[in-house]
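Chemist: Sequence plus the predicted model coming up.
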Amino acid sequence: MATEIKLIIMDTKKYIQNMNKKHIIIGLIIVILIIMGLSFHTNDNNTETYNPSINVSEVTDGDGYEDNAASMQYNDGLYKVKFEHMGILKGHMFLNEVIFQTEENETFVLLRITPNMDSKNEIPEAYIVPTIKDDIMEINVFVDEDFRNMLANPINIIWGSTYQNFKQYDFSNEYKPGIYVDTVYDNDTERFRIGGNDANIFVGDATLEDAQSQNMEGITGVFLK
C-alpha cells in the first residue's frame, strides 16, 4: 500500500512539472471563479428583505400597502382609495423629502416622508397610515424624535373633511424606540365610497385656524390627502 501511495505522489509531481504556465493560469482562473460564485451565492442567501419601521400592511391588517414613498393604496373590498402624502417646510410644498445643498456641495435632508423611519439618522420623518373599520377611519400618525425636536411649537394633528378636528400630538405612545404614534378617528367615511380621496389629515405646527383658512405661510408638517 505504501508503495502505491509513493507512486501516486511521484506521478503527481511529474504531472505538475510537465504542466506549462498556460495550464497553471487557466487552472487558477477557474478556481477564482468558483470561489467568487460560492461567495455570491452565500451573500445572496443572506440578503435581508425590505422591512420598514412602519409596516403598512401590518397596520392595516393586510388591506393597505405602500405604493411608493409618498402614497399608499387601501382596499378592504368596500373602500378602495389611494392616499397621497405631501409635505410642507416653512410654507414650501414638497413630495417625499427636502434636500438642502451647501456651497461646498454637502447635502442634508431637512424633512422626509417615509415608512422606513430611523430615529437615529438626525432626519425629521413622518408617515400617516389610515385604515377603515366599521365605517370609521382610524388614522395612525407616526413621527420620529427628530421630527419632534425640529418643531419648537406644539405639534398638532388636524383632520376631517373640512379640517374641523384638532388635537395636540400625544407622545406618550412610543411605537418603536424614538418613533411615536398617535391615533385619531374620522366618522365621515362616506366620501371615500364615492371616489373621493381627500383624507385631509395634517401633522405639524399649523393651528386649526391655519388649516381652515388654508394659510400655509411659514407652516411645517405633513399632509395626507
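Modeler: Nice, thanks for sending it over. Numbering: from 1, shown residues only.
Chemist: for residue 126, which residues make a bridge with it?
Modeler: Under the criterion DSSP bridges, residue 126 forms beta bridges with residue 113, residue 143.
Chemist: Buried ones in stretch 108-127, by neighbour count?
Modeler: Across stretch 108-127, burial judged by 16 or more other Cβ atoms under 10 Å covers 109-115, 117, 119, 123-127. Where you see a C-beta, it was placed from the backbone N, CA and C, and this is true even at glycine.
Chemist: next one: stretch 183-197
Modeler: 184, 186, 188-189, 192.
Chemist: Which one of those residues is nearest to residue 59?
Modeler: Distance to residue 59, by Cβ to Cβ, is smallest for residue 184 among these, at 14.3 Å.
Chemist: need the contact list for that closest one.
Modeler: Going by Cβ atoms under 8 Å, 6 or more residues apart in numbering, residue 184 touches 139, 141, 157, 159, 165, 167.
Chemist: contacting residues around residue 221?
Modeler: Counting by Cβ under 8 Å, 6+ apart, residue 221 has contacts 87-88, 126, 151, 155, 202-206.
Chemist: likewise residue 200?
Modeler: Contact analysis of residue 200 by Cβ under 8 Å, 6+ apart lists 159-163, 223-225.
Chemist: Can you give me the distance of it to residue 162?
Modeler: Distance, residue 200 to residue 162, by Cβ to Cβ, to the nearest Å: 7 Å.
Chemist: Over to residue 59?
Modeler: Separation of residue 59 from residue 162 (Cβ to Cβ) stands at 26 Å.
Chemist: How many neighbouring residues does residue 65 have?
Modeler: Other residues within reach of residue 65, judged by other Cβ atoms under 10 Å, total 13.
Chemist: just to revisit the earlier point, would you check which pair of the contacts of residue 184 lies furthest apart?
Modeler: Checking the contacts of residue 184 with Cβ to Cβ, the most distant pair is 141 and 165, at 12.3 Å.
Chemist: out of the two, which sits in the busier spot?
Modeler: residue 141 (24 against 20).
Chemist: so which strand or helix has the more buried one?
Modeler: strand 136-144 (DSSP states H and E).
Chemist: And residue 212, by the same measure?
Modeler: For residue 212, the element it lies in under DSSP H and E is helix 208-213.
Chemist: now what about that helix, what contacts it?
Modeler: Applying Cβ under 8 Å, 6+ apart, the external contacts of helix 208-213 come out as 156, 158, 162-164, 166, 202, 215-216, 219.
Chemist: Inside strands: which ones of those?
Modeler: 156, 158, 166, 202 (DSSP state E).
Chemist: from those, which two are the most distant?
Modeler: 166 and 202 (9.7 Å).
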